[in-house]
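A.B. asks: Test case, fold it:
(one chain, ligands or ions: 2)
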Amino acid sequence: MYEKSIELLNKAVADELSAVHQYMYFHFLCDDQGYDLLAGLFKKTAIEEMMHVEKLAERILFLKGDVIMKVKDEVKPQKEVEKMLGLAAKMEQESTQEYNIWANECSANNDSASKQLFESLVADEERHFDQYDTEADNLKKFGDRYLALQSIERSKNISAGKTTE
Ligand SMILES: [Fe+2]
Ligand SMILES: [Fe+2]
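C.D. replies: Ligands and ions are numbered 1, 2, ... in the order given. Below is the predicted model of the structure:
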């Protein structure tokens with residue numbers, strides 16, 4: 001009865017798993033360069049996407065479906081911060097568009113709980129987009145100084161005995 005919802009929820013699982021992997025990878029690279037603010041943002045967002053997988057999986061199991069743990073896309077290698085933020089923002093926009101459409105499809109199939117789940121994800125993905133977009137703007141505005149400041153901040157923290165994440 002809810003086959004369509006289960007299919008859409010699994011497509012969202014694939015989206016979310018790809019986001020978890022991509023953002024974790026960006027986290028490692030930014031952390032390695034000492035860009036603590038960006039590293040922290042990617043890590044925090046990856047964890048939120050993991051929580052999205054959990055919510056989707058719970059709903060799939062409630063509907064007596066099978067959770068398919070397949071990624072939508074492999075991790076795209078990218079070492080330039082500007083392009084990392086661009087890709088992340090694009091991923092969030094795509095998820096937002098898809099989840100809006102899928103919310104309506106679930107509604108048309110009389111599955112309001114799945115519709116609400118997709119709507120709650122849309123709110124989170126829009127917030128993620130906004131955060132990435134803000135950082136991309138900062139980078140554009142301040143150029144390399146924006147990245148240099150993050151590295152300097154880390155050095156200051158280390159010399160002050162504070163640990164970084
Ligand atoms: Fe998500
Ligand atoms: Fe997101």
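A.B. asks: switch to C-alpha atoms for all contacts and neighbour counts from now on
C.D. replies: Will do.
A.B. asks: From the chain's centroid, how far away is the helix or strand of the chain with the lowest mean pLDDT?
C.D. replies: Here the helix or strand of the chain ranked lowest by mean pLDDT, DSSP states H and E is helix 144-159, holding a mean of 89. How far helix 144-159 lies from its chain's middle: 25 Å, per Cα atoms, centre = their mean, to the nearest Å.
A.B. asks: For it, output the C-alpha coordinates as CSV.
C.D. replies: Output in CSV follows, covering the C-alpha atoms of helix 144-159 (Å, rounded to 0.1, in the frame of the first residue of the first chain):
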residue,chain,number,x,y,z
ASP,A,144,42.5,34.0,1.5
ARG,A,145,42.5,36.0,4.7
TYR,A,146,39.3,34.2,5.6
LEU,A,147,41.2,30.9,5.5
ALA,A,148,44.4,32.3,7.1
LEU,A,149,42.4,33.6,10.0
GLN,A,150,41.0,30.1,10.7
SER,A,151,44.5,28.6,10.7
ILE,A,152,45.8,31.4,13.0
GLU,A,153,42.9,30.8,15.3
ARG,A,154,43.8,27.2,15.6
SER,A,155,47.5,28.0,16.4
LYS,A,156,46.3,30.4,19.1
ASN,A,157,44.1,27.8,20.6
ILE,A,158,46.8,25.1,20.6
SER,A,159,49.3,27.5,22.2
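A.B. asks: in it, what's buried?
C.D. replies: Using 16 or more other Cα atoms under 10 Å as the test for burial, helix 144-159 gives 147, 150-151, 153-154.
A.B. asks: do you know how far residue 85 is from residue 124?
C.D. replies: Residue 85 sits 17 Å away from residue 124, going by Cα to Cα, to the nearest Å.
A.B. asks: So which of those two has more stuff around it?
C.D. replies: More crowded of residue 85 and residue 124, by other Cα atoms under 10 Å: residue 85, with 24 against 18.
A.B. asks: close enough to count as contact, that one and residue 130?
C.D. replies: No - under the criterion of Cα atoms under 8 Å, residue 85 is not in contact with residue 130, lying 10.9 Å apart.
A.B. asks: Run through this protein and note the low-pLDDT ranges.
C.D. replies: 163-165 (pLDDT under 70).
A.B. asks: show me where it has helices.
C.D. replies: 3-33, 36-62, 81-108, 112-142, 144-159 (DSSP state H).
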